[in-house]
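Visitor: sharing a model that was predicted from the sequence below.
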Amino acid sequence: MVKNIKSFSDPIIPYTFNGVYPLSDDTYLILDYFKKNVNENFFDELPITTIRKILDMGTGTGIIALFLQEIKKYLSKFTTKIFASDISDAAIRCATLNERSNNYKDNITFIKSNLFRKFPPSLQHSFDIIIFNPPYLPSISRKENNLIRRRNDSNWDGGERGFEVFIEFINQVKDFLNTKQKFYIYYISSSSTDLSQLNDELETRGFQNRILNTSHVFFEDIILNRLEEL
Ligand SMILES: C[S@@+](CC[C@H](N)C(=O)[O-])C[C@H]1O[C@@H](n2cnc3c(N)ncnc32)[C@H](O)[C@@H]1O
């Protein structure tokens with residue numbers, strides 16, 4: 001019988017530091033998709049035994065990396081090594097403490113880095129799956145008393161159009177993907193940005209986008225996407 005992970009318990013996240021992105025609807029859009037689409041033989045549509053390394057970019061509290069580490073307990077063929085990175089010192093500290101609280105000391109490799117800048121050369125061409133819930137809102141948020149306020153926050157501020165950070169990630173990512181086999185990149189986008197422009201930019205860079213799920217939150221739709229090679 002094929003087991004899926006719907007009923008598996010979520011990791012515990014006792015540490016939520018000030019300034020570290022709290023568990024949110026977008027976080028759960030990703031986790032809920034994996035709950036429905038990972039089983040003992042397949043990670044989504046990839047054979048589970050072929051996945052050697054997964055990266056959780058912009059890990060925040062570490063929830064996604066910890067969730068993946070958690071499902072390794074239940075799926076014996078899922079022996080992948082989990083990596084998690086973030087630009088924020090506080091996020092790396094918070095995620096490391098959460099890892100310890102789940103008794104996974106030193107199972108996840110944490111890397112403090114602005115995108116891939118501090119990644120060692122040994123990790124080039126190695127990731128089979130990368131997950132990035134990036135800052136995805138446009139910098140200029142609203143006009144107050146004729147002053148334009150900027151979201152000066154790496155949790156939210158995706159750049160002027162809302163996807164500059166993500167496009168910079170895409171510009172760097174090919175050096176770190178294992179392109180010898182099929183790879184997937186999962187990411188979140190928002191309807192408050194120009195999605196057709198984002199899609200054009202992704203296609204120009206050789207990626208094909210598939211929408212996996214959406215959720216309406218306050219003023220926008222948040223979208224879970226999956227990229228693969230065009
Ligand atoms: C929307 S939060 C997602 C947090 C967590 N993955 C989740 O889903 O709950 C975005 C995360 O990306 C990180 N981040 C922003 N810019 C980054 C960059 N240039 N390099 C690495 N991480 C970055 C932020 O510090 C933040 O933790």
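Guide: Yep, it's here. Numbering: from 1, shown residues only.

Visitor: which phi and psi does the residue nearest the centre of the chain have?
Guide: Ranked by distance to the mean C-alpha position of the chain (CA atoms, centre = their mean), the top residue is Phe132 at 2.4 Å. When read as degrees, to the nearest 10, the backbone of Phe132 gives phi -140, psi 110.

Visitor: residue numbers of this protein in contact with the ligand?
Guide: By CB under 6 Å from any ligand atom, the residues of the chain that approach the ligand are 21, 23-24, 26-27, 58-60, 63-64, 85-88, 91, 114-115, 133-135, 154-155, 165. All C-beta atoms are positioned from the backbone trio N, CA, C, and that covers glycine.

Visitor: among the residues you listed, name the buried ones.
Guide: Listed as buried from the residues of the chain next to the ligand are 21, 26-27, 58-60, 63-64, 85-88, 91, 115, 133-135, 154-155, 165; burial here means 16 or more other CB atoms under 10 Å.

Visitor: so which of those residues belong to strands?
Guide: 85-86 (DSSP state E).

Visitor: re the thing from before, what sits against the residue nearest to the centre of the chain?
Guide: Residues in contact with Phe132 (CB atoms under 8 Å, 6 or more residues apart in numbering) are 57-58, 166, 169, 185-188.

Visitor: out of these, which comes closest to Glu45?
Guide: Set against Glu45, the nearest of the contacts of Phe132 by CB to CB is Tyr186 (12.3 Å).

Visitor: which helices and strands does the helix or strand containing the closest one pack with?
Guide: Here Tyr186 sits within strand 184-190, counting by DSSP states H and E. Under the contact criterion of 3 or more CB pairs under 8 Å, 6 or more residues apart in numbering; DSSP states H and E, strand 184-190 touches helix 25-37, strand 129-132, helix 164-173, strand 220-229.

Visitor: any idea how far Thr204 is from the closest residue to Thr59 other than its chain neighbours?
Guide: Excluding the flanking residues, the one nearest Thr59 by CB to CB, 6 or more residues apart in numbering is Ala84, at 3.8 Å. In this view, Ala84 and Thr204 are 29 Å apart by CB to CB, to the nearest Å.

Visitor: those two - which one has more neighbours?
Guide: Ala84 (28 against 10; other CB atoms under 10 Å).

Visitor: tell me how far stretch 26-36 lies from the chain's centre.
Guide: Its chain's C-alpha centre and that of stretch 26-36 lie 11 Å apart, by CA atoms, centre = their mean, to the nearest Å.

Visitor: would you mind listing the outside residues contacting it?
Guide: Residues contacting stretch 26-36 (CB under 8 Å, 6+ apart): 4-6, 8, 10, 21, 44, 60, 63-64, 67-68, 71, 131, 133, 186, 188, 212-213, 215, 217, 222, 224.

Visitor: likewise for stretch 106-122?
Guide: Contacts for stretch 106-122 (CB under 8 Å, 6+ apart): 57, 59, 62, 65-66, 69, 81-89, 92, 95-96, 99, 165, 168-169, 172-173, 175-176.

Visitor: can you turn the buried part of those residues into a ChimeraX selection?
Guide: Buried members of the contacts of stretch 106-122, defined by 16+ other CB under 10 Å, are picked up in ChimeraX with:
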select :57,59,62,65,66,69,81,82,83,84,85,86,87,88,92,95,96,99,165,169,173,176
